[in-house]
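Trainee: Take a look and give me a structure for this.
(one chain, ligands or ions: 1)
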Amino acid sequence: MKKRALNRRDVLKLAAIAGAGTLASHPAAAGANEIKSSKKAVSKKRPLHIAIVGGGMAGTALAYRLSRAITYPVITMYEPGENSCWYQPGLTMIGTGIWSVADVSYLRDDYLPMHVTLNRNAVTKIDGSTRTVTDSGGNKTKYDHIIVATGLQLDFAAIRGLEGSVASLQPLEKVADWMNDPAVASVYYLHGAIRLPRQVEALVQKARKSGGRAKLQVRFAQPSIAFKSPAAAKSVLLRLTQALESAGVVDRAEIVFSSEDGRLSANDDYDRSYRKLLEKEGVVFKKEKLLRVDTEKRKAVFSVSGETAYDFLHIVPPMKAGAFLAKSGLLSKDGFVDVDDETLEHKVHAHIFAIGDVAGCAALKTAAAISSQIQTVTETIRRLDEGKKPKATYDGYGCDTLLCPENTTALYEAWDYGSRPLSPVISLAPLKCHAMYWYSSLYADKAYLMRGVLRGWA
Ligand SMILES: Cc1cc2nc3c(=O)[nH]c(=O)nc-3n(C[C@H](O)[C@H](O)[C@H](O)COP(=O)(O)OP(=O)(O)OC[C@H]3O[C@@H](n4cnc5c(N)ncnc54)[C@H](O)[C@@H]3O)c2cc1C
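Mentor: Numbers count the residues shown, from 1 in each chain. Coordinates of the predicted model:
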């Protein structure tokens, strides 16, 4: 049987038996023994120089794993952001009014593995042919292996009227003027998530006062390209309809969900399930692209509907890899690092890997994917270091959480690059809203990711 890292479902099952918090942080939970034994097998080795570019969730987790798995690792992690280890999935919890900023704040330096050198400069160039990394201080360094883990930048600026982009290096981003428009919302960055509960409350008050004369226009817009956490915006939508329902004013709003490719999920089963779930809330779907936003006039322009007034507009921004990766010639035509789906090795430069959101594999861009990805890359580098043929492969696992009405949560979980949604063991169908998952998103998921995955154990 193929070995794999513990995923969220495994942890849930174990947690059901023994208590989530302790299990999620248990060292035995994920191949730690396997790594130890690999060390014994190796006798004399030269130091292996490894650069990890980006110290977010994927880069940090890999730094831990590699530093335990390789005999003489010399690892440098490039990460300019002091808060790089923040718990990004918690943005949905903040945006739906459940958590506060303190619940997601973690510091990079508290998570830096011993014996890993931190370079606080951003990387400006990777040269695949000479295996060198250049940083913003002008330093050029040669490595045996380079792992790109720089996440994605939010490209609001691709939508006309929303210029002034959000930096991806810090959670407390510099905020552009348009982001203070009370009617434009996005759960995808910290400032946006913090404002969301107040924006939803303001919409409910407006609906109350409107007396139902003209329907309030509620719009959700999502791009077609791959973006992280496809479920987050739908969680906001469900919370919003719940708030309108509780106030008895849901019939005073027209809710339209526009997606550029007309899909709610790349996977057909999940697409159908999402549609069913949201249709119950009276949502109308449109296949169209958001082209422009005029925050002064509160008007948005869509490719099919044309100019549309809005009272509330939630935007999933297009997302892209850092510009330095394009300049380094490492991206595919889709705009992500051009890696092999299974080995995560760059298709041209075999000693370069990509993990996390920036990796150009077709899996769900979620933190849950990182565990299997770092295991694959660690095993590959370890075997190469031992002069063996690599054999570890990434199974395309990814998992996202959808916050449903009445304190329930559904898992949007897929293996084999989305072609196979999980055959249900605990849940009864894809996207089945379940109280147990709700408690998992409140208590177990963060422990699993921050104490298990991020420390390279899970
Ligand atoms: C609203 C929301 C909800 C989510 N919900 C879930 C969920 O329910 N489940 C789930 O599994 N996942 C969820 N995710 C996704 C998850 O947070 C991401 O998949 C995960 O954080 C990706 O990790 P990463 O390391 O690839 O990127 P990041 O964590 O973004 O880290 C990238 C790092 O690279 C650094 N960097 C960038 N450029 C450079 C450079 N040039 N040089 C050096 N360093 C650089 C940055 O400073 C950053 O620290 C959610 C995300 C969002 C936004």
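
Trainee: Residues of the protein that sit close to the ligand?
Mentor: Counting by Cβ under 6 Å from any ligand atom, the residues of the chain lying close to the ligand are 53-59, 78-81, 84, 88-89, 91-92, 122-123, 149-151, 168-169, 187-188, 228-229, 232, 322, 324, 356-358, 365-368, 399-401. No exception for glycine: its C-beta is placed from N, CA and C like everyone else's.

Trainee: ok, the residue of the stretch 201-350 of the chain found nearest the ligand - how many residues close by?
Mentor: When you check the stretch 201-350 of the chain against the ligand by Cβ to the nearest ligand atom, the closest residue turns out to be Ser229, at 3.2 Å. Counted with other Cβ atoms under 10 Å, the neighbours of Ser229 add up to 25.

Trainee: Likewise for the one 4 residues further on?
Mentor: Taking other Cβ under 10 Å as the criterion, the count of residues near Ala233 is 25.

Trainee: Spell out which residues sit in contact with it, please.
Mentor: Counting by Cβ atoms under 8 Å, 6 or more residues apart in numbering, Ala233 makes contact with Val187, Phe220, Gln222, His314, Val316.

Trainee: Mean pLDDT per element in the protein, and the minimum belongs to which helix or strand?
Mentor: Between all helices and strands in the chain, the lowest mean by mean pLDDT, DSSP states H and E belongs to helix 20-24, at a mean of 33.

Trainee: My guess is the residue of the stretch 201-350 of the chain closest to the ligand contacts Ala369. True?
Mentor: No: the pair formed by Ser229 and Ala369 falls short of the contact definition of Cβ atoms under 8 Å, at 11.0 Å.

Trainee: who touches the residue of the stretch 201-350 of the chain closest to the ligand in this structure?
Mentor: Taking Cβ under 8 Å, 6+ apart, one finds Pro89, Thr92, Tyr188, Lys365, Thr366, Asp400 in contact with Ser229.

Trainee: and if you look at Pro73?
Mentor: Pro73 touches Pro47, Leu48, Ile50, Leu66, Ser67, His115, counting by Cβ under 8 Å, 6+ apart.

Trainee: The contacts of Ala233: which two are farthest apart?
Mentor: Pairwise distances among the contacts of Ala233 were taken by Cβ to Cβ; the largest, 11.7 Å, belongs to Val187 and Gln222.

Trainee: sorry, back to before: can you tell me which of the contacts of Ser229 are in helices?
Mentor: Secondary structure assignment by DSSP state H places Thr92 of those in helices.

Trainee: which of the contacts of Ser229 are buried?
Mentor: Of all the contacts of Ser229 considered here, the ones buried according to neighbour count by 16 or more other Cβ atoms under 10 Å are Pro89, Thr92, Tyr188, Lys365, Thr366, Asp400.

Trainee: who touches the fourth one in this structure?
Mentor: Neighbouring residues of Lys365 by Cβ under 8 Å, 6+ apart: Leu152, Ala226, Phe227, Lys228, Ser229, Asp357, Gly398.

Trainee: Quickly find the element holding the nearest residue to it once chain neighbours are set aside.
Mentor: Using Cβ to Cβ, 6 or more residues apart in numbering and skipping the chain neighbours, the partner closest in space to Lys365 is Lys228 (4.1 Å). Counting by DSSP states H and E, no helix or strand carries Lys228.

Trainee: So what does Lys228 have for phi and psi?
Mentor: For Lys228, the backbone dihedrals are phi -70, psi 150 (criterion: degrees, to the nearest 10).

Trainee: Run a quick neighbour tally on it.
Mentor: The local packing of Lys228 (other Cβ under 10 Å) involves 21 other residues.

Trainee: likewise Gly164?
Mentor: Burial measure for Gly164: 12 neighbouring residues, criterion other Cβ under 10 Å.

Trainee: In contact with it, which residues?
Mentor: Counted by Cβ under 8 Å, 6+ apart, Gly164 has contacts Phe156, Ala157, Ala176, Asp177, Trp178, Met179.

Trainee: and if we set it to 6 Å?
Mentor: For Gly164, the contacting residues are Ala176, taking Cβ atoms under 6 Å, 6 or more residues apart in numbering as the criterion.

Trainee: So it: helix, strand or coil?
Mentor: Three-state call for Gly164 (DSSP: H, G, I helix; E, B strand; the rest coil): coil.

Trainee: ok, now Ile75?
Mentor: Put simply, Ile75 is strand when judged by three-state DSSP.

Trainee: Model confidence score at it, please.
Mentor: Ile75 is assigned 98 on the pLDDT scale.

Trainee: Was I right to think it contacts Leu48?
Mentor: No: the criterion here is Cβ atoms under 6 Å, and Ile75 misses it with Leu48 at 8.7 Å.

Trainee: Which one's more surrounded, these two?
Mentor: Neighbours per residue (other Cβ under 10 Å) separate Ile75 from Leu48, with Ile75 holding more: 23 against 19.

Trainee: can you give me the strands for the stretch 351-458 of the chain?
Mentor: 352-354, 398-404, 408-415, 420-421 (DSSP state E, counting those that start in this stretch).

Trainee: of those strands, which approaches Tyr439 most closely?
Mentor: strand 408-415 (8.4 Å).

Trainee: gap between the closest one and the chain center?
Mentor: 14 Å (Cα atoms, centre = their mean, to the nearest Å).

Trainee: do stretch 195-209 as well
Mentor: On Cα atoms, centre = their mean, the centre of stretch 195-209 falls 27 Å from that of its chain.

Trainee: residues in contact with it?
Mentor: The set of residues external to stretch 195-209 that reach it, using Cβ under 6 Å, 6+ apart, is Gly95, Gly97, Ala185, Val187, Leu216, Leu240, Ala243, Ala247, Val249, Arg252, Ala253, Phe312.

Trainee: Restrict these to the buried ones and give me that as a ChimeraX selection.
Mentor: In ChimeraX syntax, the buried subset of these is picked out as below (16+ other Cβ under 10 Å):
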select :95,185,187,216,240,243,249,252,253,312
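
Trainee: Okay, and which of the contacts of stretch 195-209 map to strands?
Mentor: Using DSSP state E, the members of those that fall within strands are Ala185, Leu216, Ala253, Phe312.

Trainee: I'd like those laid out as a markdown table, including pLDDT.
Mentor: Converted to a markdown table, the ones in strands among the contacts of stretch 195-209 look like this (pLDDT from 0 to 100):
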| residue | pLDDT |
| --- | --- |
| Ala185 | 96 |
| Leu216 | 96 |
| Ala253 | 96 |
| Phe312 | 98 |
